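In: quick one: sequence and predicted model below, then my questions.
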Amino acid sequence: MNRETASPAPGTPAQAADAASPAALPPTGAAQAAQAPDAGAHDAASAPEGGMPSVAVLVPCYNEAPTIGKVVDDFRAALPGAAVYVYDNNSSDGTGRIAAAHGAIVRTERRQGKGNVVRQMLRDIDADYYVMVDGDDTYPAEAAPALLAPLLADEADMCVGDRLSNGTYGQENDRAFHGFGNNLVRRLIKLLYGFEFKDVMTGYRAFNAVFAKTMPVLSPGFEIETELSIHAVDKRWRIAEVPIDYRDRPEGSVSKLSTFSDGTKVLLTILSLFKDYRPLALFSWLALAFCVLGLIAGVPVVVEFAATGLVPKLPSALLAVALVFVGVLCFASGLILDTVVKGTRKEYELEVTRAYERYARRGEGAFRQGQGGIR
C-alpha cells in the first residue's frame, strides 16, 4: 500500500532549508498526481523529520474550480511544511485536476456530502495536527498559524475559527437567514449543553491527532460542523476560539448550502445528539410534560370524586392515568439509557487514553524539539 507523509513545518533555519529541498516538499502538479495512491489508500505521517510536528490541511471540495487553486496556493504559503489534501466529492468542473496542478494531494470521495468526505479524510490521513477548511476561499490561510497556536501550546484540542466576533461575517455575507440560523444553533447548544460557542457553523477549524482519531463522524452532510462542536463539548475536549476575517465567495463561486433544508438537518442533528448524549435530561423533560398533562386531566376528576364520591368522567380519569404512566415510563427509560451512555462514555475515555499513548506522545515530543516551528 502506498503511504505518504504529512510534512512537518520548518522551524530552525536548517530545518527550513531541509523542508524547502525537493526531497522534503510534497510533489506538485503531474508528478504528484502520478504518485497519489488510490482513494482507499492510507496516508500516514511518519515520525516528524527533525523533530517537527506534522500538519495536514484538509480541504473537502465539491465544484470549487474558481477558488481551489488559490486556496491551495495560500495554504502552502502560510504553512510551507504542511501537506494540503483536497478530497474531490464528485466535482464536474475539474476541481481535483486544478488542485493537483497547484500542488495539493488529491483524492476522490464518491459518497456525496461534506460529512462523508471529512469522515474519510480522518480515516486516511495521519498527522500531529489538522487544519480543516472549505475550498471556497472564504477563510484566510494566514490565520492558520493562529488556529494551530493553542494546539501547539497544549491549551486546546480543537480550535474554532470565529467569523462572527469581529463583524466580518455580517458585513460580507448577504445571504438571508444565515446569521439568524447560526445564532439559533448557538443558543440551542447553549441551552442543551451549557457551552456557548461564538461561531458554531464555521468550516475553519484545527484539531490535534487524538481528537481527530477518536471523533466518530456520523453526519453525511453539512451537519458535520455541528457534530464536531457538540462532540467536543459533550466529551469535555478543550476548545479555543480564534477570531478570523471572513470574506464572501468571489464572483463565479456558488454556495452549495441550502438555508432551510440544511438548516433543518442541523437542528435535527442537535436534537438527535442530545438524545444520544443526554438521554436522562431529554426523557426527564418528556416525563415531566406527560405528568403535567396527566395532572391537568386528572385533578378535576379527583376533586369531583372527593366532593361527591363519584367518577362521572371516566374517560378523563383513564386519560390521566395513562399520561402519568407514560411519564413514569419515560423517566425509567431515561435512567436505563443514562446507564448505557455512562458505560459507553467510560469505554470512550479508555479509548482516548490509548489514543494519547499512540498519538499525543508523538506530537508532544515533536513539539518540544521543534517548539515555535509553525509560523
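Out: That came through fine. Numbers count the residues shown, from 1 in each chain.
In: in the protein, where is pLDDT below threshold?
Out: 1-51, 170-179, 259, 360-375 (pLDDT under 70).
In: in it, which spans are helices?
Out: 13-20, 29-35, 65-78, 95-101, 114-124, 144-152, 168-172, 178-193, 209-213, 224-234, 259-277, 279-308, 314-355, 361-369 (DSSP state H).
In: which of these sits closest to residue 252?
Out: Proximity to residue 252 (CB to CB) singles out helix 65-78 among those, at 4.4 Å. Backbone N, C-alpha and C define where each C-beta goes, glycine included.
In: sorry, back to before: now the helices of the chain as CSV including distance to residue 107?
Out: Formatted as CSV, these follow (distance: least, CB to CB, whole Å):
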stretch, distance to residue 107
helix 13-20, 23
helix 29-35, 11
helix 65-78, 13
helix 95-101, 8
helix 114-124, 7
helix 144-152, 21
helix 168-172, 30
helix 178-193, 29
helix 209-213, 16
helix 224-234, 17
helix 259-277, 24
helix 279-308, 37
helix 314-355, 23
helix 361-369, 23
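In: could I get these in JSON lines, plus columns for distance to residue 162 and mean neighbour count?
Out: Shown next, in JSON lines, are the helices of the chain (distance: least, CB to CB, whole Å; neighbours: other CB atoms under 10 Å):
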{"stretch": "helix 13-20", "distance to residue 162": "30", "mean neighbour count": "15"}
{"stretch": "helix 29-35", "distance to residue 162": "33", "mean neighbour count": "13"}
{"stretch": "helix 65-78", "distance to residue 162": "18", "mean neighbour count": "20"}
{"stretch": "helix 95-101", "distance to residue 162": "27", "mean neighbour count": "23"}
{"stretch": "helix 114-124", "distance to residue 162": "20", "mean neighbour count": "22"}
{"stretch": "helix 144-152", "distance to residue 162": "10", "mean neighbour count": "22"}
{"stretch": "helix 168-172", "distance to residue 162": "9", "mean neighbour count": "16"}
{"stretch": "helix 178-193", "distance to residue 162": "11", "mean neighbour count": "17"}
{"stretch": "helix 209-213", "distance to residue 162": "18", "mean neighbour count": "24"}
{"stretch": "helix 224-234", "distance to residue 162": "12", "mean neighbour count": "22"}
{"stretch": "helix 259-277", "distance to residue 162": "18", "mean neighbour count": "16"}
{"stretch": "helix 279-308", "distance to residue 162": "28", "mean neighbour count": "16"}
{"stretch": "helix 314-355", "distance to residue 162": "26", "mean neighbour count": "15"}
{"stretch": "helix 361-369", "distance to residue 162": "24", "mean neighbour count": "17"}
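In: so which of those helices is nearest residue 251?
Out: Of all these, it is helix 65-78 that lies closest to residue 251, at 8.1 Å by CB to CB.
In: quick one, the closest one and helix 144-152 angle?
Out: For helix 65-78 against helix 144-152, the angle by axes from the mean of the first three to the mean of the last three CA atoms, to 10 degrees is 60 degrees.
In: may I have helix 65-78 exported as PDB, CA atoms only?
Out: Provided in PDB are the C-alpha atoms of helix 65-78 (Å, rounded to 0.1, in the frame of the first residue of the first chain):
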ATOM      1  CA  ALA A  65     -12.900  25.200  -9.600                       C
ATOM      2  CA  PRO A  66     -12.900  29.100  -9.400                       C
ATOM      3  CA  THR A  67     -11.300  29.100  -6.000                       C
ATOM      4  CA  ILE A  68      -9.500  25.900  -5.200                       C
ATOM      5  CA  GLY A  69      -6.200  26.800  -6.900                       C
ATOM      6  CA  LYS A  70      -5.900  30.000  -4.800                       C
ATOM      7  CA  VAL A  71      -6.800  28.100  -1.600                       C
ATOM      8  CA  VAL A  72      -4.100  25.500  -2.200                       C
ATOM      9  CA  ASP A  73      -1.500  28.200  -3.000                       C
ATOM     10  CA  ASP A  74      -2.400  30.300   0.000                       C
ATOM     11  CA  PHE A  75      -2.200  27.400   2.500                       C
ATOM     12  CA  ARG A  76       1.100  26.200   1.000                       C
ATOM     13  CA  ALA A  77       2.400  29.700   1.500                       C
ATOM     14  CA  ALA A  78       1.000  30.100   5.000                       C
END
